[in-house]
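Undergrad: I would like to see how this sequence folds:
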Amino acid sequence: MSTVDNILKLAADMTLPIEKVQAELAEWRMSVCRACPDFKPKNQKCGVCGCYLEIKTACYTNRNPKKMRTEFTHCPNGKWNDKELANQYRALDGLEPLK
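TA: Sure, this is the predicted structure:
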């Protein structure tokens, strides 16, 4: 991971709420992300939303860097068994729902 990525990850970690999900859920989410074709292993980011997944997978809420808003943590592709929540944000953004 580059120095810039390390600085951005640290800044994101410091500004996010500290309320974390259970470790087992965070680990499961991260395993789903690592298996996803949109996963960027070099900087551990999601290629869809741009979030640092080490942080996002562990929190109840996260700051979406592309939309500049705080969201209930979800997979933008609905891969965390959360298509309904993902579709609510897609509707806000004027995108077609996931099927």
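
Undergrad: could you pull out the helices for the protein?
TA: If you assign secondary structure with DSSP state H, the helices in the chain sit at 3-15, 23-34, 53-56, 83-92.

Undergrad: which of those has the lowest mean pLDDT?
TA: The weakest mean pLDDT among the helices of the chain belongs to helix 3-15, with a mean of 63.

Undergrad: how far away is Lys56 from Lys20?
TA: Using C-beta to C-beta, to the nearest Å, one obtains 11 Å as the distance from Lys56 to Lys20. Backbone N, C-alpha and C define where each C-beta goes, glycine included.

Undergrad: between the two, point out the one with more neighbours.
TA: Looking at Lys56 and Lys20 with other C-beta atoms under 10 Å, you find the greater number of neighbours at Lys56, namely 27 against 14.

Undergrad: ok, and the closest non-adjacent residue to the more buried one?
TA: Computed as C-beta to C-beta, 6 or more residues apart in numbering, the closest residue to Lys56 that is not its neighbour in sequence is Asn62, at 4.6 Å.
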